[in-house]
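1. no sequence on this one, just coordinates:
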């Protein structure tokens, strides 16, 4: 399937974009949803460092995650571990922007994500 078209999968719930340069000299905007920001604030400093590294991987290669199907077809999810804990990072993307939607452990992740995106 194709990446997110010209609209953000976040609706009006976004923060100001932050541009991150990637290896080929192009800057990619990274936009955090309000939900993502709230969830990130709950993480410890060492967890945030790992999260930032994973976000850099997504900026470099947005196809690193798995594209969802059905109601969440515009959403990609990247799974990674911080210590023993598995985290899921939901995001959308197009050629110039990465939209960070949510970060959480697996428990109730997809149900909460569907509710947020409606």
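-> Thanks, I have the structure now. All figures in this text were calculated on a predicted structure; none of them were measured in a lab.
2. Mind picking out the helix or strand in this structure with the poorest mean pLDDT?
-> Ranked by mean pLDDT, DSSP states H and E, the weakest helix or strand in the chain is strand 18-21, scoring a mean of 62.
3. Residue 58 and residue 78 touch, don't they?
-> Yes - taking CB atoms under 8 Å as the definition, residue 58 is a contact partner of residue 78 at 5.9 Å. Yep, even glycine has a C-beta here, placed from its N, CA and C like the rest.
4. what do those two both touch?
-> Residues touching both residue 58 and residue 78 (CB atoms under 8 Å, 6 or more residues apart in numbering): 64, 65, 89, 91.
5. Of the residues you listed, which is the nearest to residue 105?
-> residue 89 (11.1 Å; CB to CB).
6. Could you measure from residue 92 over to residue 112?
-> According to CB to CB, to the nearest Å, residue 92 stands 16 Å off from residue 112.
7. Those two - which one has more neighbours?
-> Neighbour totals were compared for residue 92 and residue 112, and residue 92 leads with 25 against 15 (other CB atoms under 10 Å).
8. in this structure, which spans are strands?
-> 18-21, 27-32, 66-67, 76-82, 85-93, 97-105 (DSSP state E).
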